[in-house]
Every structure is written in C-alpha cells, then in structure tokens.
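# My questions are about this predicted structure, shown below with the sequence.
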Amino acid sequence: MVSDGERKKHALVIPFPMHAHVAAIYRFALQLASRGVIITLVVPAAEIPKMKKYEELQGLDFDFISYDETVTEVPLFPFHKIVDFASVLDQHFDPILQELKVRQTAGLPAPTCIIYDRFCTGVDVISEKLGVPYYTFFSCGAVFARYMQEAPRLLTKEGPFEVNEDGTLQRVDGPVNIPGLPPIPAPYLLADSFRTPHWRVRTGRVMQNAPAVIINTFYELEKPQIDEFRRQCAEQAAASGRKKSEVFLVGPLSDAATFKDRSFVSGAAQSVNDRAECLRWLDTQQPQSVLYICLGSWVKWDPVQVVELAVALEAAGVSFLWVLSSALEALPEGFEQRTREAGKGFIASGWVPQLQILHHASVGGFISHCGWNSCIESVSLGVPMLCWPQIAEQPLNCRYLVDEAKVGVEVGHFTFDGPALVRREEFESEIRRLMVDDEGKAIRSRVQQLKLNAHDAVAKGGASYRAVDELVEMIPF
C-alpha cells in the first residue's frame with residue numbers, strides 16, 4: 001500500500017476521444033510525466049495495447065484506463081451529434097471509477113487531480129467523487145477559450161440573443177462583440193452554438209470553476225485574448241467569492257513524438273514507405289513553392305468543391321500536396337495524372353506526417369480548415385495559411401488568424417448553414433494572393449517572427465516550458 005508519506009502527484013487525464021483532441025493532451029501528458037507526475041490516460045479499451053508500446057513512454061510512470069465498451073468512435077456529422085456524444089460522456093465513467101478503486105486496493109496511488117478536455121462535461125461531478133481538483137485543458141487557443149468564458153452570459157436568456165422555446169438561439173445578423181475579441185460576424189461565432197447553447201453554457205460554467213486553465217498557445221500569438229481571459233478570471237472569481245483560476249500557456253504542443261506513427265494520437269494508418277513518398281516528392285520541389293492542402297480528419301469533401309479547387313490549382317500553376325481521403329472520384333478526368341507527370345501535384349489518399357510536411361523547406365502555404373492543432377503547427381513552423389473553416393470553432397479561429405494575427409487570408413465565407421460554396425475563380429485568386437503576391441510575402445514575414453516566438457516559448461526556460469513547471473508545482477500530492 002502507498003502510505004501518506006509516499007503519496008505522489010498523479011493526474012487522471014481525460015481527453016475527448018477524437019484524434020486532434022487526444023494528440024494535444026497526450027503531448028501535454030508526456031511533459032508532465034517527464035517531470036515526475038504519474039499519468040493515467042483515459043482512452044477506449046481497444047487503443048490501450050497499441051499505446052502501451054509507444055517508445056517515448058518507456059521509463060515514465062504512464063498508464064491507461066478505459067471507458068466502458070460502448071465508447072468507440074465519435075459521430076462526426078452533423079456537429080450536434082458530437083455535442084450529444086460529449087454531453088453524455090460522463091455517463092461512461094463508472095468503469096473508470098471502479099478500476100481506480102481496484103488499483104488503490106492493490107496499493108497503487110490514487111489520482112490527486114483531474115486534467116480534462118474542455119469538450120467533456122460532468123468532470124466536476126467526478127472531481128467531487130474523487131475528492132480532487134480538476135483543471136481544464138484547451139487543445140484549442142485562447143480565442144475560443146475566451147468565447148467559452150463568455151458562454152454562460154452570452155448564450156442564456158440574460159444574454160443579447162433570443163432563446164427559443166426548445167432552447168436553441170434565434171439567428172442574428174451583424175457582428176457579435178466580446179471584450180478581447182475583434183467584432184465577429186454572428187455565423188463565425190454561433191453557427192454551431194445556436195443549436196446547442198446549453199452545452200456551451202454547461203462547459204463554460206465548469207471551466208469557470210476550475211482552479212487552473214491550460215491552453216495550447218503562446219503569448220505572442222494571442223496577446224489580447226490572453227490578457228482579457230486573465231482579467232475575466234479575476235473578475236469572475238471576485239464576483240463569486242472563489243479563488244481566481246490560474247492560466248497556464250503551454251503551447252505549441254508539438255514535439256518529435258508527433259513525427260511517429262501514432263494511430264489513435266495522429267490518425268496514422270499507412271506504411272512507412274507510403275508516408276515517406278510524399279516527403280520524397282517534396283524534396284523535388286523549389287523552396288516555399290508547394291501549397292499543402294488538408295482539412296483534417298473531420299471533413300468529408302464536397303465533390304463540387306473538389307472540382308472547383310482542382311481547376312483553380314491548375315489555373316494558378318502552383319505546386320501542391322493535397323490530402324484527399326474522400327471524393328477522389330470527383331477529380332476532373334486526367335487531373336491527377338497530368339499534375340503528377342508535370343511534377344506539379346501529389347495527391348495523398350490517407351494519413352500524412354503533417355508536422356514533417358509543414359517543416360519541409362519546399363512548403364510555402366497551407367490550405368487549412370483552421371482546426372487549432374493545424375493552426376498552431378503551421379504558425380510554429382512558419383507557414384502562412386489560406387483559411388477555409390468548416391465546423392466547430394474553426395470559423396472563430398479563422399477570423400482571428402486573418403483579421404488580428406494576420407498570418408493568413410480567408411477563402412470563401414461562413415454561414416449559419418456551414419461554409420459557403422467557393423468557386424474556382426475565388427480559389428485561384430486567393431491562392432495567388434498567398435503564394436505569389438506581395439501580400440503573401442508580408443504574411444510570411446509575420447508568421448516567421450511568430451515561429452521564432454514559438455521556438456523560444458517551448459525551449460528550456462521559455463515561457464511555455466516554465467508554465468508546465470508551475471503547473472506541476474500546483475498539482476497536489
């Protein structure tokens with residue numbers, strides 16, 4: 001048995017079981033484990049045998065525990081299905097609590113804190129049952145964290161929007177103003193929230209009561225949002241009579257481990273040779289000449305958009321590496337063969353090593369859905385973006401990256417019904433704007449400076465490195 005004198009810092013880490021969410025919190029958990037914190041990571045049972053073999057875990061006190069057997073894949077579309085899944089995820093935690101009791105009886109140390117993905121609800125109840133504090137983890141940036149901080153005020157009857165009898169919000173025109181954020185066109189902020197405001201409100205309230213909020217960002221990238229987030233933490237704490245939430249900026253959460261085959265962490269499914277093929281092709285291209293195109297694991301390509309983008313790519317004449325795992329049959333006849341033989345195009349139909357691609361000298365731009373992992377990886381590797389948001393908080397990320405950080409340009413626009421159709425002429429114009437025109441060169445200069453800031457933040461002694469140390473100090477024994 002572990003005596004009180006032998007108690008150790010032990011974090012029960014609860015990701016939302018989707019690749020992008022698991023990837024970021026896994027990388028963060030590795031940093032905690034390397035500093036001596038015991039980690040128990042919650043993942044679906046089928047993933048545990050594979051993850052236990054990861055070589056970077058050797059020598060670390062890093063273990064796994066699973067939900068019940070019904071938690072396997074998260075429904076991706078429509079978005080409210082993801083919300084439905086997230087809203088009841090806490091109902092699958094009983095096996096976790098039971099297994100923790102068994103392990104304690106066997107003499108293993110009990111968790112002394114919970115670190116959970118902000119998508120998960122019910123963690124406050126689990127925290128109370130275990131008698132330990134919970135800390136909120138944002139795999140996304142401070143822009144979205146700031147929005148979630150406002151959600152309990154913004155998305156209820158006390159807020160500026162009309163609430164329907166079924167609990168949904170009425171659609172509104174014009175921008176929405178939130179302190180610390182630029183004016184945001186309503187669809188970019190509320191396209192998903194207007195259907196599921198109750199969930200945003202619930203997760204926002206749980207976050208407000210967390211002793212610590214951990215965000216995958218660095219100060220220079222999101223300074224106004226971070227300053228306002230911290231100010232609001234202090235104001236909300238003073239108003240409620242509780243202790244202020246501490247804010248830890250720990251990004252960018254990318255390291256050498258993410259270059260490896262990590263099926264549940266990265267979505268990797270192809271052989272080493274297949275993955276290396278796209279890198280060998282990049283070796284044949286000129287510096288900063290290739291446009292990398294990837295919309296993440298959530299998005300299913302619209303066949304019409306496949307055609308429009310393909311035509312635009314040929315017209316613009318830029319080289320491209322396009323990750324297209326669906327709607328391949330929609331490509332114009334002969335497109336793949338023509339562009340491949342001309343040395344101008346490479347189409348990958350499965351997972352690719354994104355960090356290695358963005359790090360490659362030939363890559364000069366990135367058509368991105370603006371999922372935060374992709375955003376911060378692109379910025380920290382100095383690659384400007386063509387922002388094309390598709391779902392969830394991506395439109396909000398897009399607006400900030402384009403309007404405030406100025407590290408990208410937007411293609412198309414977002415509506416309450418999702419991304420509007422982008423025609424070939426607009427694709428071609430925006431591709432040239434990013435890859436050829438002087439504006440693209442200015443954007444590249446700004447993102448190169450942020451690349452240096454990101455490197456400094458995670459270097460030993462840097463701001464993000466110190467933030468992890470400070471959080472470790474906060475975790476109780």
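Perfect, thanks for sending it. Just so we're clear, the structure is a prediction, and the values are computed from it rather than from any experiment.

# Would you point out the helix or strand in this structure whose mean pLDDT is lowest?
One helix or strand of the chain scores below all others by mean pLDDT, DSSP states H and E: helix 263-266, with a mean of 49.

# Show me what stretch 420-428 is in contact with.
Contacting residues not belonging to stretch 420-428 are listed as 302, 304-305, 307-309, 311-313, 315-316, 388, 411-414 [CB atoms under 8 Å, 6 or more residues apart in numbering]. Where you see a C-beta, it was placed from the backbone N, CA and C, and this is true even at glycine.

# of all those, which two lie farthest apart?
315 and 414 (24.5 Å; CB to CB).

# Neighbour count: these two, which is higher?
Of the pair residue 315 and residue 414, residue 414 is the one with more neighbours under other CB atoms under 10 Å, namely 23 against 15.

# any chance you could read off phi and psi for that one?
When quoted as degrees, to the nearest 10, the phi and psi of residue 414 stand at phi -110, psi 140.

# Which residue, neighbours along the chain excluded, lies closest to it?
Distances taken as CB to CB, 6 or more residues apart in numbering place residue 395 nearest to residue 414, at 4.3 Å, with adjacent residues excluded.

# Next SSE downstream of the helix or strand that neighbour falls within?
Secondary structure from DSSP states H and E places residue 395 in helix 394-399. Heading C-terminal from helix 394-399, the first helix or strand you meet, by DSSP H and E, is strand 408-410.

# Tell me where the model's unsure across this protein.
Applying pLDDT under 70 to the chain picks out residues 1-6, 70, 72-78, 255-275.

# Got the domain ranges for it?
Using automatic domain parsing, the domain parsing of the chain gives 4-255+458-474, 269-456.

# ok, which stretches of the stretch 251-400 of the chain are strands?
Using DSSP state E, counting those that start in this stretch, the strands of the stretch 251-400 of the chain run over residues 290-294, 319-323, 345-348, 363-368, 385-387.

# outside of the fourth one, which residues touch it?
When contacts are taken as CB under 8 Å, 6+ apart, the neighbours of strand 363-368 outside the stretch itself are 282, 287-295, 321, 357-358, 374-375, 378, 383-388, 408, 411, 431, 434-435, 440, 444.

# Report the buried members of those residues.
For the contacts of strand 363-368, a neighbour count by 16 or more other CB atoms under 10 Å gives the buried set as 282, 288-295, 321, 357-358, 374-375, 378, 383-388, 408, 411, 431, 434-435, 440, 444.

# Check the gap between residue 81 and residue 195 for me.
11 Å (CB to CB, to the nearest Å).

# Neighbour count for these two, which is higher?
Legend: neighbour count by other CB under 10 Å for residue 81 and residue 195, higher for residue 195 (18 against 12).

# Distance-wise, check the more buried one relative to residue 412.
From residue 195 to residue 412 the distance is 21 Å (CB to CB).

# same question, residue 21
25 Å.

# which residues in the stretch 351-477 of the chain form helices?
354-359, 372-380, 394-399, 424-435, 438-458, 463-474 (DSSP state H, counting those that start in this stretch).

# Out of these, which is closest to residue 228?
Among those, helix 394-399 comes nearest to residue 228, with 14.6 Å by CB to CB.

# and the closest one, C-alpha only, in PDB?
Extracted in PDB, the C-alpha atoms of helix 394-399 (Å, rounded to 0.1, in the frame of the first residue of the first chain):
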ATOM      1  CA  GLN A 394     -12.800  26.800 -36.800                       C
ATOM      2  CA  PRO A 395     -14.600  29.900 -38.100                       C
ATOM      3  CA  LEU A 396     -13.700  31.800 -35.000                       C
ATOM      4  CA  ASN A 397     -10.000  30.700 -35.300                       C
ATOM      5  CA  CYS A 398     -10.100  31.800 -39.000                       C
ATOM      6  CA  ARG A 399     -11.300  35.300 -38.100                       C
END
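
# who's in contact with it?
Contacts of helix 394-399 (CB under 8 Å, 6+ apart): 140-141, 143-144, 147, 182, 184-185, 187-189, 191, 369-372, 375, 387-389, 408, 410, 414.

# Using neighbour counts, trim those residues to the buried set.
For the contacts of helix 394-399, buried by 16+ other CB under 10 Å: 140-141, 143-144, 147, 184-185, 187-189, 191, 369-372, 375, 387-389, 408, 410, 414.

# part of a helix, is residue 202?
Yes. Remark: residue 202 belongs to a helix, assigned using DSSP: H, G, I helix; E, B strand; the rest coil.

# That one: neighbouring residues, count only.
Count around residue 202 with other CB under 10 Å applied: 18.

# roughly how far out does the helix holding residue 395 sit from the chain middle?
12 Å (CA atoms, centre = their mean, to the nearest Å).

# what does stretch 203-216 give?
The answer for stretch 203-216 is 16 Å, by CA atoms, centre = their mean.

# Quick check: buried residues in stretch 307-323?
Buried residues in stretch 307-323, defined by neighbour count with 16+ other CB under 10 Å: 307-314, 316, 318-323.

# Between the two ends of it, how far is it?
14 Å (CA to CA, to the nearest Å).

# where along the stretch 51-200 of the chain do the helices fall?
Secondary structure of the stretch 51-200 of the chain (DSSP H, counting those that start in this stretch): helices located at 79-87, 94-105, 123-130, 142-154, 186-190, 197-208.

# Keeping just the C-alphas, turn the fifth one into PDB.
In other words, helix 186-190. C-alpha atoms of helix 186-190 as PDB (Å, rounded to 0.1, in the frame of the first residue of the first chain):
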ATOM      1  CA  ALA A 186     -22.500  36.100 -35.900                       C
ATOM      2  CA  PRO A 187     -22.200  32.800 -38.000                       C
ATOM      3  CA  TYR A 188     -18.500  32.600 -37.300                       C
ATOM      4  CA  LEU A 189     -19.300  32.600 -33.600                       C
ATOM      5  CA  LEU A 190     -22.700  31.000 -33.300                       C
END
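
# To what extent is residue 173 buried, counted in neighbours?
Residue 173: 7 surrounding residues under other CB under 10 Å.

# Next one: it from residue 412, what distance?
From residue 173 to residue 412 the distance is 19 Å (CB to CB).

# now residue 363
Distance, residue 363 to residue 412, using CB to CB: 22 Å.
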